[in-house]
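for reference, the sequence and a predicted model appear below.
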Amino acid sequence: MAEKNWAGNHTYQAVRLHRPETMDQVQEWVAKSTKVKVLGSRHCFNDIADFPGGDLISLERLTGIRLDRERRLVTVDGGVRYGELCEYLNREGFALHNMASLPHITVAGAIATATHGSGERNGSLATAVSGLEIVRADGEVVSLSRATDGDRFAGAVVGLGALGVVTRLTLDVEPAFDMRQDVYENLAMDAVGAHFDEIEASAYSVSLFTDWRSDAVNQVWLKSRVTGASTLAGDFFGAAAAKAPRNPLPNGDPLNCTAQMGVPGPWHDRLPHFKYGFQPSNGDELQTEYFVPRRHAVAGLAALAELADRICDLLWISEIRTIDSDDHWMSPCHGRESVAFHFTWKSMWPEVSALLPEIESALAPFDARPHWGKLFTMWPLTVQSLYPKLADFRQLVMEFDPEGKFRNPYLERYIFV
């Protein structure tokens, strides 16, 4: 097949790639396959969406969007990307509660791995899901909803591709709103430690970017709903307002980023960091992310600071965000308000892979959970111990896929070993 993921660090080992144009074709190919996985926007950095010797199904040609105005719901097919969905919703006068840092990813893929944005009262993107349709191993379609399926729904939403092919998702929407984005520079780490809760409560979405080369956060990105006169000051806990638009990556082009400088605009043009249709992030990169309980945020920062000299030379940028808790069984934010420590690495996997165990050891006292779609080196039994509903999830997987048609090496390592 010789297909690679978005960053180019993984070459898929499946032997066939199918691009169905109808639901009937999805069901037929799933039923006929013996080993199969779904390929989304290829933004995962590991082998979660691969199956050596098997089949891959891309839903890129299934891009339907259906809006239910009265119930404030939108239903999307499995190939829809956030950029397409958000432009459609905004034209119709609606919005999502949050977005990830780039709108280039598929809705289904992002939700399957509990991808998130930021905001202390904002859950991951999966928390918007109110219903989903899954083509299970025998080719039959199963529908689940928040309203009628309780625990099974909570187990299926962040499904890691283990239950089947998610062909449709229904999401909660709300009335469209305007936002502004303000960037501040050189926020002292001492101020972050002393005022972390105030900083995180200062805007609808807050991102702290650091390269770990100094005792300061390089940039603070504040995304605020426009509700009237601005209350933002020229100084932010000692940090100065940026004098021009910025890119969070050193030497990155601000043209690729969403509008800043406090200029109001539509929600979907402010919530992501990068514009749809432009180069997201650096591209030539690796990514890692760990989630710890929010109450350990400052202690986690201090633990990482001890490794700053090791981190900085391998790093493009690190981002720190908060996410609300949720009830999805396999979500890294399951049952706990969280802070996420994200690392965008240079493409230096031998060096990065040697450092990750030290980072994981530093965060181990805080029960750090890794992002399912990014790179980590944690022992599989350690990962499993962090998910109290793992046994229930295994049982649900067996119900949908008793023969292991979707159970690739990634799932065998981290879910079933």
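Received, thanks. Residues are numbered from 1 along each chain as shown.

CA atoms for contacts and neighbours, from now on please.
OK.

Phe393 and Pro357, how far apart?
For Phe393, the distance to Pro357 equals 27 Å [C-alpha to C-alpha, to the nearest Å].

any idea which element Leu169 lies in?
strand 165-172 (DSSP states H and E).

other SSEs contacting that strand?
Helices and strands touching strand 165-172, by 3 or more C-alpha pairs under 8 Å, 6 or more residues apart in numbering; DSSP states H and E, are strand 73-77, helix 107-112, strand 129-135.

distance from the chain centre to it, please.
How far strand 165-172 lies from its chain's middle: 16 Å, per C-alpha atoms, centre = their mean, to the nearest Å.

okay, the angle between it and strand 129-135?
With axes from the mean of the first three to the mean of the last three C-alpha atoms, to 10 degrees applied, the angle from strand 165-172 to strand 129-135 works out at 160 degrees.

please renumber the chain so that the first residue is 34 from this point on.
Sure thing, new numbering starts at 34, so read that last one as strand 198-205.

quick one: contacts of strand 198-205?
For strand 198-205, contacts defined as C-alpha atoms under 8 Å, 6 or more residues apart in numbering pick out 56, 70-71, 92, 105-111, 129, 141, 161-169.

please apply the same query to stretch 109-123.
Contacts of stretch 109-123 (C-alpha under 8 Å, 6+ apart): 73, 91-99, 128-129, 132, 136-141, 199-203, 209, 299, 301, 309.

go again using 6 Å as the cut-off
92-93, 95-98, 128, 136-141, 200-202, 309 (C-alpha atoms under 6 Å, 6 or more residues apart in numbering).

pLDDT of it, averaged?
If you average the pLDDT over stretch 109-123, you get 97.

can you give me the helices in the stretch 284-433 of the chain?
Applying DSSP state H, counting those that start in this stretch to the stretch 284-433 of the chain gives helices spanning 330-338, 341-344, 382-396, 413-418, 423-433.

using CSV, lay out these together with distance to Met222.
Listed next are the helices of the stretch 284-433 of the chain as CSV, based on distance: least, C-alpha to C-alpha, whole Å:
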stretch, distance to Met222
helix 330-338, 9
helix 341-344, 13
helix 382-396, 18
helix 413-418, 30
helix 423-433, 36
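
nearest to Val190, of those?
Closest of the helices of the stretch 284-433 of the chain to Val190 is helix 423-433, at 11.0 Å (criterion: C-alpha to C-alpha).

re earlier: need the helices of the stretch 284-433 of the chain in CSV (columns: mean neighbour count, mean pLDDT and distance to Asn155).
Listed next are these as CSV, based on neighbours: other C-alpha atoms under 10 Å; pLDDT from 0 to 100; distance: least, C-alpha to C-alpha, whole Å:
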stretch, mean neighbour count, mean pLDDT, distance to Asn155
helix 330-338, 19, 98, 17
helix 341-344, 17, 97, 29
helix 382-396, 16, 98, 23
helix 413-418, 15, 98, 24
helix 423-433, 17, 98, 24
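
show me what the strand or helix carrying Ala273 is packed against.
Assigned by DSSP H and E, Ala273 belongs to strand 272-274. Judged by 3 or more C-alpha pairs under 6 Å, 6 or more residues apart in numbering; DSSP states H and E, strand 272-274 is in contact with strand 211-221.

and the strand it packs on, what's its mean pLDDT?
97.

residues making contact with that strand?
Where contact means C-alpha under 6 Å, 6+ apart, the residues beyond strand 211-221 that reach it are 249-259, 272-275, 293-300.

any of the residues you listed buried? List them.
For the contacts of strand 211-221, a burial check counting by 16 or more other C-alpha atoms under 10 Å picks out 249-259, 272-275, 293-295, 297-300.

give me the subset of those residues lying in strands.
Among those, the ones falling in strands (DSSP state E) are 249-258, 272-274, 298-299.

and which of those residues is nearest to Ala147?
For those, the nearest to Ala147 is Lys256 (21.0 Å; C-alpha to C-alpha).

so that closest one is in contact with Ser238, correct?
Yes - Lys256 is within contact range of Ser238, at 5.0 Å (criterion: C-alpha atoms under 6 Å).

to the chain's geometric centre, what's the distance from the least confident helix or strand in the chain by mean pLDDT?
Lowest on mean pLDDT, DSSP states H and E among the helices and strands of the chain sits strand 268-269, with a mean of 91. Centre-to-centre, strand 268-269 and its host chain are 29 Å apart (C-alpha atoms, centre = their mean).

now do the buried residues in stretch 98-111.
Applying 16+ other C-alpha under 10 Å to stretch 98-111 flags 98, 100, 106-111 as buried.

quick one: terminal-to-terminal distance for that stretch?
In stretch 98-111, first residue to last residue: 10 Å (C-alpha to C-alpha).

off-centre distance for it?
21 Å.

what about the residue nearest the centre of the chain, distance to Arg94?
Centroid-nearest residue in the chain: Thr148, 1.9 Å away (criterion: C-alpha atoms, centre = their mean). Thr148 sits 22 Å away from Arg94, taking C-alpha to C-alpha as the criterion.

now do Arg99 against Ile90, distance only.
The span separating Arg99 from Ile90 equals 23 Å under the rule C-alpha to C-alpha.

how close does the nearest residue to Pro403 once chain neighbours are set aside sit to Leu408?
Leaving aside its sequence neighbours, Pro403 sits nearest to Tyr323 (C-alpha to C-alpha, 6 or more residues apart in numbering; 4.4 Å). Counting by C-alpha to C-alpha, the separation of Tyr323 from Leu408 is 10 Å.

what does Ala224 give?
Per C-alpha to C-alpha, Ala224 is found 30 Å from Leu408.

among these two, which residue is more densely surrounded?
Each of Ala224 and Leu408 has its neighbours counted (other C-alpha atoms under 10 Å); Leu408 has more, 22 against 16.

mind listing the residues bridging to the closest residue in space to that one that isn't next to it in sequence?
The shortest distance from Leu408 to any non-neighbouring residue, by C-alpha to C-alpha, 6+ apart, is to Thr321 (5.0 Å). Thr321 forms beta bridges with Phe376, as assigned by DSSP bridges.

dump the residue contacts of Thr321.
375-376, 407-408.

quick one: end-to-end distance for stretch 402-416.
End-to-end distance for stretch 402-416: 7 Å, by C-alpha to C-alpha.

stretch 186-195 too?
Across stretch 186-195, first to last residue, C-alpha to C-alpha, it's 14 Å.
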